[in-house]
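Chemist: Any chance you could fold what I've pasted below:
(one chain, ligands or ions: 1)
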Amino acid sequence: MQLTIDGLVLRRRPLGQNQLLTILTAQQGVLTAYVNQRGTMASKLSATTEVLCYSRFVLFQGKSGYVVDKADSNRIFFGLRQDWDKLCLASYFAQLAAELCPFDEPAAEPLRLLLNTLHYLEKGSRDMRQLKALFELRLLTLTGFMPDLVGCRCCSEYEKPEILFFPNEGDLCCADCTRESSAVGGIKVSPGVLAAMRHILYTGPEKLFSFVLGEEGLDALYQVSERYLLTQLEKSFSALELYNSCRITQKWEPAITDETRT
Ligand SMILES: [Zn+2]
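Modeler: All right, here's what the predicted structure looks like:
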């Protein structure tokens, strides 16, 4: 049986004489396929089966799974490979998608989300903190981990001057309803950050990437989104740890501002 399908390579690892690809597709979600390293096609396939390549695959059903017969690139995201930070973050997105997206079930929305996020990351037209939080929260929402941000869990108020987000429960409680004992684990979120989180959860795909947040808000969104993700999934991601360690190192480098230039 032969299958022609578009997919983004999330992972590539050696397995005996072969390479095993993990691919995200719209029609079948996550699937795995082997690339034969010894065949005459091996060198031709190397560029179009790299991690983060979006290619049109022709797959054959072999005895132990799909085998890649042909792969033509739709998009290589070359710009991501030339920037260490972007590559780290993109690798984390791929790891997260491999973890959360379903096998053998359609995954058109997660694939679209990942392709669009990689597009903006490559282009550099969105803050990386914004893209990271957006991808995390939206992917969690699409894969069964959607938090409830409609209103306070006690009084149901939509807007309150002080509101806390609870990563464990995935919901909100306003300061008025929060007693000392029930505030454990809550993170204070500003109205701007909460509006951004709601936008990421509830907006349609067309306007998803069009929200603006100040510097402080972006830092807070970055933290709250990551905390929610790690709490819910109860596991660590090597690419995320690498990305965060690079960010910490960079913070110690002297920043070149307009003031120091003049
Ligand atoms: Zn309340």
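
Chemist: Flag every residue of the stretch 101-250 of the chain that's near the ion.
Modeler: With Cβ under 5 Å from the ion as the criterion, the stretch 101-250 of the chain meets the ion at residues 152, 154-155, 174, 177. In short, each C-beta sits where N, CA and C put it, glycine included.

Chemist: list the contacts for Arg247?
Modeler: The contact partners of Arg247, taken as Cβ atoms under 8 Å, 6 or more residues apart in numbering, are Asp85.

Chemist: quick one: it is in a strand?
Modeler: No - remark: Arg247 does not belong to a strand; assigned using DSSP: H, G, I helix; E, B strand; the rest coil, it is helix.

Chemist: Give me the pLDDT for Ile256.
Modeler: Ile256 is assigned a pLDDT of 45 by the prediction.

Chemist: Who are the packing partners of the top strand by length along the chain?
Modeler: Determined from DSSP state E, the single longest strand within the chain is strand 2-15. Counting contacts by 3 or more Cβ pairs under 8 Å, 6 or more residues apart in numbering; DSSP states H and E, strand 2-15 packs against strand 18-25, strand 29-36, strand 54-62, strand 65-75, helix 84-100, helix 108-123.

Chemist: most packed of the ones you listed?
Modeler: strand 18-25 (a mean of 22; mean count of other Cβ atoms under 10 Å).

Chemist: sorry, back to before: need the contact partners of the longest strand of the chain.
Modeler: By Cβ under 8 Å, 6+ apart, the list of residues contacting strand 2-15 from outside reads 19-28, 30-31, 34, 49-61, 66, 69, 74, 94-95, 97-98, 111, 114-115.

Chemist: And stretch 198-210, by the same measure?
Modeler: Stretch 198-210 is contacted by residues 109, 112-113, 116, 120, 126, 133-134, 137-138, 141, 146-147, 149, 211 when judged by Cβ under 8 Å, 6+ apart.

Chemist: number of nearby residues for the residue in the stretch 1-150 of the chain that the ion sits nearest to?
Modeler: With Cβ to the ion, the shortest gap between the stretch 1-150 of the chain and the ion falls at Val150, namely 12.1 Å. Neighbourhood size, Val150 [other Cβ atoms under 10 Å]: 13.

Chemist: ok, now Leu149?
Modeler: By the criterion of other Cβ under 10 Å, Leu149 has 20 neighbours.

Chemist: Residue for residue, what is the longest helix this structure has?
Modeler: Looking across the chain with DSSP state H, the single longest helix is helix 215-233.

Chemist: Would you mind listing where the chain has pLDDT under the threshold?
Modeler: 39-42, 180-182, 249-262 (pLDDT under 70).

Chemist: That one - how does it break down into domains?
Modeler: Listed domain ranges for the chain are 2-76, 84-145+194-251 (source: automatic domain parsing).
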